[in-house]
Structures are given as structure tokens and as C-alpha cells.
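Colleague: let me see the structure of the following:
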Amino acid sequence: MLLSGLIFFAIGLWHIEDVPVASTAVALDIDPYGMAAVVFWSNQDMYFCYRCSSGGTYYWLWEYINSAWDENFKNHDNFCFDNIGKPHVTFFRPELYRTPERYIFYATREAIQQWTSINVGDMLLYGEQIDISTDTFDYPHIIYGRYHTYYDGMSWQYDTVNSIVENAQPSLAIDHNNTIHISLGGCVYEDTGFVGYGYKDSDGWHVEYNNQYDVNSPVKLAVDSAGRPHLLFCTSNDSLTYHAMKQNNAWIYEDITALNASFIDISDTTVHLLGTDPTGNTIRHYWKLDSDWLFEDIHSGMPLDLAVDKDDYVHCIFYENNQLHYATNRPQTVVSEQIQISLETISGSRITRLPVRINFLKSQSPDGIDIVNNSGRAVASYSLNHGANSFMWNGRDQTNHKVPTGIYYLIQKKHNQHQITKIILVK
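Modeller: Have a look, this model is predicted:
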């Protein structure tokens with residue numbers, strides 16, 4: 001199918017802000033409440049940086065995850081949120097720097113600044129890639145090379161996707177029926193590329209290849225609400241870009257080279273792409289309406305990742321002038337409901353006695369509370385029972401050590417709202 005239409009659609013409602021991350025090795029995802037987060041690599045370490053809001057002001061906090069290799073962030077996604085907003089990350093670490101064998105790790109966030117990491121595989125070869133997604137039970141699945149590993153609620157399980165492809169570069173997606181979809185791009189033989197797609201059902205894995213397209217780079221994958229897989233790939237011999245969709249057991253291929261797109265995501269059944277204009281200098285958001293592709297320009301820069309939230313708003317990250325930026329067309333207004341609190345033991349926001357007790361109206365109690373220091377680093381996180389009417393902080397961090405005197409921020413979280421109280425801890 002040829003590109004039937006390309007229509008400029010100037011919305012002009014994009015919100016753009018800086019992200020305090022000095023790296024282009026970044027993966028983006030959106031939590032169930034529409035808030036963005038990135039996982040990024042810097043100086044052989046991996047970090048989690050997430051966006052918060054209070055009173056219309058947005059800010060970013062970050063946490064250390066583990067040591068990792070920057071190759072994690074090339075050509076694939078290795079970070080996702082589950083249905084309850086818990087982040088899941090996969091990464092690899094070589095036994096020795098730049099050795100062929102690399103070891104697959106999985107990490108998740110148990111509480112603020114509390115990440116647990118485990119080794120879940122050791123079969124990845126140089127040049128192969130990894131990807132992660134979660135099913136409707138919020139269990140993680142990881143695809144790496146030709147292998148699929150997943151947590152079934154009791155332990156990690158393993159199976160082999162196929163026994164043919166080497167140097168595979170997979171993408172992974174799981175639909176609402178928990179059908180696992182994968183895409184594959186790589187070399188079957190030394191000089192022959194392919195487009196590969198597979199899915200897993202009760203009978204096991206079913207994998208198919210199309211050698212008509214010479215593809216030696218990753219094949220991006222997304223699945224719509226009808227369970228139909230969509231692929232985005234670029235051929236290596238003639239540099240053509242295609243969007244492919246499987247419908248009624250047949251693949252429909254569309255040449256979209258004119259879009260210059262690199263990333264794909266789907267809201268319901270609407271396909272969204274992120275790329276650049278023909279000059280390569282301006283970032284563009286594309287989406288398909290019937291047989292036409294619409295687009296809008298976002299900003300100058302280099303696109304790095306794309307995500308669409310559950311409310312069909314689009315989010316992306318890009319790099320320009322040595323600075324990482326975040327952009328979204330989601331309205332940036334805070335819900336009018338605010339959490340009303342009574343600070344009984346705080347005088348002028350200065351805490352003179354510990355523990356400090358904070359009372360809430362029972363109908364407006366927050367879901368949880370974070371304590372953040374003046375540099376923006378979180379020191380403790382607490383979950384509250386539904387309908388709780390008070391909270392007590394003993395002046396200790398998540399590891400039960402006393403925090404030093406100084407300025408702290410008590411962040412009350414309710415849905416996607418964050419109410420902040422500035423407190424000063426003195427002797």
C-alpha cells in the first residue's frame with residue numbers, strides 16, 4: 001500500500017520542559033496516571049527519573065538502580081510500567097567489559113529508592129537486544145536474543161522462541177488477552193536480512209519470516225486494542241521505511257518512507273509515530289486517520305522515544321543542545337481537588353519535635369507519602385491504608401537512619417496529584 005495522504009495538522013498544544021538528565025541513552029514510559037518517567041544510563045550506572053507535580057509545578061526526581069552498560073539503550077526499550085504503576089527494568093552486564101557473553105538482569109522498585117535486581121539469564125551474545133513488558137497480572141516478561149523468560153507468580157520460567165535466528169534484535173508486546181507478541185530483525189545468513197514476527201499461545205510459539213525485506217536493524221512492535229500487531233522497520237539495502245499490520249491472517253505493508261519515522265506506539269487503534277521532517281532537524285508526531293497520515297511539528301532536536309498513555313495523549317523525549325527534553329500534548333493542569341491537611345505539630349513549617357504527626361480529612365487522605373530532601377533526592381516512602389486520617393514521620397530515612405537537619409518536602413500522593421509541604425528539621 002502506498003502512502004495515500006500526508007496532511008499537516010497544527011495543534012500547537014505541546015508542553016515542553018527540560019529533564020535533569022545528561023544522557024541520550026534513555027527509555028521512556030508513562031504510568032497509569034499519565035505521569036512520565038525515564039530510565040537512563042550514565043557513567044556505567046543506570047537511574048530512574050520520574051516526573052511529579054504540585055500546584056501546577058512539575059519537577060523530576062531520580063534514583064539509582066544498578067550498574068549497567070550503555071548498550072542497553074540502543075535500538076530497543078528496556079523499561080515499562082505495569083497496571084498499578086510499578087516500574088520494571090531489564091538490562092545486561094558483561095562479566096568483563098565488552099566480552100561476548102552478557103548477563104541479563106531484571107530490576108523493580110519495591111519502594112522509594114529501593115530497587116531489587118536479580119540475574120535472569122546469561123545467553124545474550126554481542127549485538128543481540130532485550131525488551132520487557134508486563135501482562136495483565138503485572139508479571140514481567142523479557143525477550144532477549146531467541147529466548148523468552150517470564151515470572152509466573154512463583155518463579156522465573158524460560159522458553160526458546162526459535163532455534164534459527166542469531167544476532168536477533170527483538171521487540172515485545174503483550175495484548176489484553178495476554179497473548180505475547182514479538183518482532184525480530186536480524187540476519188539469518190551473513191548477508192540476508194528479514195522481518196520476523198511471532199506470538200505464543202497454548203500450543204507454543206509460532207514464528208514467521210519475510211525475506212522480501214532486507215532488514216538488519218530492530219523491527220519496532222506495537223499491538224492495538226483488537227490484538228493486531230503493527231511493525232515499523234527500515235530496509236538496509238534501499239533505506240525504505242514500512243508500517244505493517246496483520247489483519248485476518250494477512251500482512252498489509254505500507255511504504256511510509258516520507259514520514260522519516262523511528263518510533264511507534266498505539267492508542268486503542270490509532271497508530272502514532274515519532275520521527276523528523278525531511279531535513280531531519282524538526283521532530284514530528286504522526287498519526288493515522290483512515291487512510292491519511294496527519295502530522296504536527298513539535299520542536300527542533302533528535303527524537304529518542306515515544307509513549308502514548310491510557311487517555312490517548314502522546315509523550316516523547318528528545319535531545320537538543322546537550323539537554324534532554326520532555327514533550328507531551330496532555331493538558332498540564334492539576335485536578336482541582338486538593339488534599340487539605342492540619343499540621344498540628346509544625347509551627348511555621350519548622351519541626352522542633354519528632355515524630356511529627358499530620359492529620360487529613362478522611363475522605364481526602366492520600367495514597368502514599370514521599371519524603372524528599374532539598375536536593376530533590378527521595379529519602380523515604382510510605383504507603384497509607386485507604387481512608388487513613390493521619391501520618392507520623394520519625395525523622396528517619398528508608399533504612400531507618402536519622403536524617404540530618406535541613407529542608408525537606410513531604411509529598412502527599414493521591415492519584416496523579418502531588419501536594420507538597422515544605423518542612424524544616426531543626427535540632
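
Colleague: I'd like the distance between residue 92 and residue 129.
Modeller: To residue 129, residue 92 is 9 Å away according to C-beta to C-beta, to the nearest Å. Heads up, the C-betas are built off the backbone N, CA and C, glycines and all.

Colleague: so between these two, which is more surrounded?
Modeller: With neighbours defined as other C-beta atoms under 10 Å, residue 92 and residue 129 compare such that residue 129 has more, 25 against 22.

Colleague: does that one really touch residue 219, like I thought?
Modeller: No: shown here, residue 129 and residue 219 do not form a contact pair, counting by C-beta atoms under 8 Å, at 10.6 Å.

Colleague: which residues are in contact with both of these two?
Modeller: Common neighbours of residue 129 and residue 219 (criterion: C-beta atoms under 8 Å, 6 or more residues apart in numbering): residue 169.

Colleague: sorry, back to before: what touches both of residue 92 and residue 129?
Modeller: With C-beta under 8 Å, 6+ apart as the test, residue 92 and residue 129 both reach residue 144.

Colleague: domains in the chain, by residue range?
Modeller: Split into domains by automatic domain parsing, the chain comes to 6-328, 341-425.

Colleague: now the longest one: mean pLDDT?
Modeller: Right, the one you point to is domain 6-328. Confidence for domain 6-328, expressed as mean pLDDT, is 84.

Colleague: next: the shortest one.
Modeller: Averaged across domain 341-425, pLDDT comes to 69.

Colleague: related to what we said a few turns ago, which of the domains of the chain sits most buried?
Modeller: Of all the domains of the chain, domain 6-328 has the most neighbours on average by mean count of other C-beta atoms under 10 Å, namely a mean of 18.

Colleague: chain center to that domain: distance?
Modeller: Counting by C-alpha atoms, centre = their mean, to the nearest Å, domain 6-328 is centred 8 Å from the centre of its parent chain.

Colleague: return the residues in contact with residue 78.
Modeller: Neighbouring residues of residue 78 by C-beta under 8 Å, 6+ apart: 27, 39, 72, 89, 90, 91, 130, 131, 132.

Colleague: and the gap between residue 329 and residue 103?
Modeller: Distance, residue 329 to residue 103, using C-beta to C-beta: 39 Å.

Colleague: same deal with residue 113?
Modeller: Distance of residue 113 to residue 103, computed by C-beta to C-beta: 24 Å.

Colleague: could you do residue 224 as well?
Modeller: With distances taken as C-beta to C-beta, residue 224 is found 34 Å from residue 103.

Colleague: do the same with residue 392
Modeller: Using C-beta to C-beta, one gets 42 Å for the distance from residue 392 to residue 103.

Colleague: which residues of the stretch 101-250 of the chain fall in helices?
Modeller: Counting by DSSP state H, counting those that start in this stretch, the stretch 101-250 of the chain yields no residue ranges for helices.

Colleague: contacts only, for the nearest residue to residue 394 once chain neighbours are set aside.
Modeller: Excluding the flanking residues, the one nearest residue 394 by C-beta to C-beta, 6 or more residues apart in numbering is residue 355, at 4.4 Å. By C-beta under 8 Å, 6+ apart, residue 355 lies in contact with 392, 393, 394, 395.

Colleague: switch those over to JSON lines; also include secondary structure.
Modeller: JSON lines is the format used below for these (DSSP: H, G, I helix; E, B strand; the rest coil):
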{"residue": "392", "secondary structure": "strand"}
{"residue": "393", "secondary structure": "strand"}
{"residue": "394", "secondary structure": "coil"}
{"residue": "395", "secondary structure": "coil"}
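
Colleague: ok, those vs residue 241, which is closest?
Modeller: Nearest to residue 241 among those is residue 393, at 53.2 Å by C-beta to C-beta.

Colleague: quick one: residue 410 and residue 425 touch, right?
Modeller: No: counting by C-beta under 8 Å, residue 410 stays clear of residue 425, with 10.8 Å between them.

Colleague: I'd guessed residue 150 sits against residue 138; true?
Modeller: No: the criterion here is C-beta under 8 Å, and residue 150 misses it with residue 138 at 11.9 Å.

Colleague: surely residue 258 is within a strand?
Modeller: No: using three-state DSSP, the assignment for residue 258 is helix, not a strand.

Colleague: what about the contacts of residue 78, which are in strands?
Modeller: Taking DSSP state E, the ones among the contacts of residue 78 that sit in strands are 27, 39, 89, 90, 91, 130, 131, 132.

Colleague: from those, pick the one nearest residue 320.
Modeller: Closest approach between the ones in strands among the contacts of residue 78 and residue 320, by C-beta to C-beta: residue 27, at 18.4 Å.

Colleague: what's the spacing between the closest one and residue 80?
Modeller: 9 Å.

Colleague: one more: residue 15?
Modeller: According to C-beta to C-beta, residue 15 and residue 80 sit 23 Å apart.
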